[in-house]
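> Make a model of this:
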Amino acid sequence: MSGARVVSVAPASPAEGAGIAVGDELLALNGEALRDVIRYQTQADEPWVEIDIRRGGVEQTITVEKGLGEPLGLELDGAVFDRVRTCDNHCPFCFIHQLPKGMRRTLYMKDDDYRLSFLYGNFTTLTRFTEADLERVITEGLSPLYVSIHATDPDVRSTLLRNQRGATSLRWLSALLDAGVEVHGQVVLCPDINNGEVLSDTLFGVLDRFPALATLGVVPLGVSDHHHEPTMRAHTKEEAADAIDRIEAWQQMYLDLLGRRLVYASDEFYLVAERPLPALDAYDGCAQHENGIGMAATFQHEVRAALAGQPVGDASTPRSGFFAWVEGAPAEGYRAPRAEGLTIGRRRPRADAPIAIVTGVYGSQVLAPVLDELAAAATVPVRVLPVDNTFFGGNTAVTGLITGADLGRVLETEPEDHRFLVPDVVLSNGVFLDGVAPDALPRPVEFVSTTGTALVDAIRGTRAEAVAS
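This next block holds a predicted model:
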């Protein structure tokens, strides 16, 4: 009988008072075997919770008495306890298949689990979705969900997923929308496959079949140097511009017919096409911010608002899924613990040292329009230090995929008397994607939260002063 291992017990919590300890394995709550943290939340809300645990190979039952809805105070080692539902598609654009060998095992796992879609905003294709899943989603109110559409033409979609069920699985999207579930969609645009007229057909198909869709994000595929798909290639400048033109035309059509834009192009298309980003209000609240849609406009807005001393709002706050609501769910992916506010290295740079803002190639394009404003707010020289991604290669240029090896290579030739501000999004559970620890870098670095406000604070010295104290 499998269970969930306890990795943390909150002090003075009902769980601590009942004697539950780190390392205990939870097997069942109130006689019901544990499936995932979603069901765990419901089970643990009761004022009287009977918990079957395994400790040192011995099973026992512990009873906890607490207030109705009061958290037990536990953090568990995973979000799903009855095995993650893995993906049985074979999409040629899947970035997991393009990872180099030797990385952490967890990075190679492909999930297609609606529960992780609800919890963390992961996209699911619905090819493994069932009637029982639909009933649970509706009964337990598991909303919003995130669905990879890619194309509404059945043949094109099944070709993209390399799965015959891809031709029919969007029937579940209709059922979810009919039941009032909030769903956000995604199209990964692949040159010569689902771009051009096929993209227009898909946007028409959404209007025809899925007009209740909350949002639809269109993103370009990433192609690393480790891919093995000869048909996969990066978008040209002209193809990126064509995608923008089609999306913006359909935005207006959706606005006229549905009263909302519905579809949005990722920031990357605008950067590749060398076109100015839309105004922030054109993203209608940035519901797909974490998908790289409206992220650049949000960042620039935050920088300018922070420099002007104006309220910024919460556009950069992770909003997908319900991680913050579900007790026991560990921080995974985008929500994994970072190292924001820390200076790591052999020494701490002086607060009046020149500043280098470390970023990816795309990040340097986003910073360019506000760099002079940032420099004017600082009392020291400020520059951007872009890091080319040779670890993944290809068209990989986003900041979040900077590895320790690439950053170390760049820092080796940099002056030792600089402050290097590194966005904390490059870390997951305290290390880079390639497993390099920050203290192995050749220069001390200061990790800063990936928001415009945090960057302004760091440049003005408030972050450095806090760290130095």
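> how's the protein carved up into domains?
Following automatic domain parsing, one finds the domains of the chain at 4-76, 95-308, 336-468.
> Can you lay out these as JSON lines showing mean pLDDT and distance to Asn89?
No exception for glycine: its C-beta is placed from N, CA and C like everyone else's. Shown next, in JSON lines, are those (pLDDT from 0 to 100; distance: least, Cβ to Cβ, whole Å):
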{"stretch": "domain 4-76", "mean pLDDT": "93", "distance to Asn89": "22"}
{"stretch": "domain 95-308", "mean pLDDT": "94", "distance to Asn89": "4"}
{"stretch": "domain 336-468", "mean pLDDT": "85", "distance to Asn89": "21"}
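> Mean neighbour count added to these, as a markdown table?
Formatted as a markdown table, the domains of the chain follow (neighbours: other Cβ atoms under 10 Å):
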| stretch | mean neighbour count |
| --- | --- |
| domain 4-76 | 16 |
| domain 95-308 | 18 |
| domain 336-468 | 18 |
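> of all these, which lies closest to Asp88?
domain 95-308 (6.6 Å; Cβ to Cβ).
> Ok, which of the domains of the chain comes nearest Val84?
Using Cβ to Cβ, those put domain 95-308 closest to Val84, at 5.0 Å.
> What is the end-to-end distance of the closest one?
40 Å (Cα to Cα, to the nearest Å).
> So what's the gap between that domain and the chain middle?
Chain-centre distance of domain 95-308: 13 Å, with Cα atoms, centre = their mean, to the nearest Å.
> Now tell me what touches the helix ranked longest in the chain from outside.
Identified as the longest helix of the chain according to DSSP state H is helix 237-258. Here helix 237-258 makes contact (Cβ atoms under 8 Å, 6 or more residues apart in numbering) with 189, 191, 195-196, 199-200, 203, 207, 211, 218, 220, 235, 260-265, 268-270, 272-275.
> Looking at those residues, which are in helices?
When DSSP H is applied, the contacts of helix 237-258 are split such that Leu199, Ser200, Leu203, Leu207, Glu268, Phe269, Tyr270, Val272, Ala273 fall in helices.
> Find the nearest non-adjacent residue to the fifth one, please.
Read that as Glu268. Pro220 (5.4 Å; Cβ to Cβ, 6 or more residues apart in numbering).
> and the one you found, bridged to which residues?
On the basis of DSSP bridges, Pro220 is bridged to Leu189.
> measure it to Ile193 for me?
12 Å (Cβ to Cβ, to the nearest Å).
> cool, Ala308 as well?
Ala308 is 45 Å from Ile193, by Cβ to Cβ.
> With Arg350 instead?
Using Cβ to Cβ, Arg350 is found at 53 Å from Ile193.
> Need the domains of the chain in CSV (columns: distance to Val84).
Output for the domains of the chain, formatted as CSV (distance: least, Cβ to Cβ, whole Å):
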stretch, distance to Val84
domain 4-76, 9
domain 95-308, 5
domain 336-468, 16
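> Surely Leu145 is in contact with Glu182?
Yes - contact criterion Cβ atoms under 8 Å: Leu145 and Glu182 qualify, at 7.4 Å.
> For the stretch 251-400 of the chain, which segments count as strands?
Applying DSSP state E, counting those that start in this stretch to the stretch 251-400 of the chain gives strands spanning 263-265, 343-344, 355-359, 382-386.
> Would you give the sheet partners of the third one, along with the direction of each?
It stands for strand 355-359. By DSSP bridges, strand 355-359 pairs with strand 382-386 (parallel), strand 419-423 (parallel).
> would JSON lines of those with distance to Leu68 be doable?
Below are the strands paired with strand 355-359 laid out as JSON lines (distance: least, Cβ to Cβ, whole Å):
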{"stretch": "strand 382-386", "distance to Leu68": "53"}
{"stretch": "strand 419-423", "distance to Leu68": "41"}
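> Looking at the ones you listed, which is nearest to Phe118?
Nearest of these to Phe118, taken as Cβ to Cβ: strand 419-423 at 27.3 Å.
> May I have the longest helix of the chain exported as CSV, CA atoms only?
C-alpha atoms of helix 237-258 as CSV (Å, rounded to 0.1, in the frame of the first residue of the first chain):
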residue,chain,number,x,y,z
LYS,A,237,11.1,36.4,-38.8
GLU,A,238,8.5,36.4,-41.5
GLU,A,239,6.7,33.4,-40.1
ALA,A,240,6.6,35.0,-36.6
ALA,A,241,5.1,38.2,-38.2
ASP,A,242,2.5,36.1,-40.1
ALA,A,243,1.4,34.4,-36.9
ILE,A,244,1.1,37.8,-35.1
ASP,A,245,-1.0,39.2,-38.0
ARG,A,246,-3.4,36.2,-38.0
ILE,A,247,-3.7,36.2,-34.2
GLU,A,248,-4.4,40.0,-34.0
ALA,A,249,-7.0,39.8,-36.8
TRP,A,250,-8.8,37.0,-34.9
GLN,A,251,-8.5,39.0,-31.7
GLN,A,252,-10.6,41.7,-33.2
MET,A,253,-13.1,39.1,-34.6
TYR,A,254,-13.4,37.5,-31.2
LEU,A,255,-13.8,40.9,-29.6
ASP,A,256,-16.6,41.8,-32.0
LEU,A,257,-18.4,38.4,-31.6
LEU,A,258,-17.6,37.4,-28.0
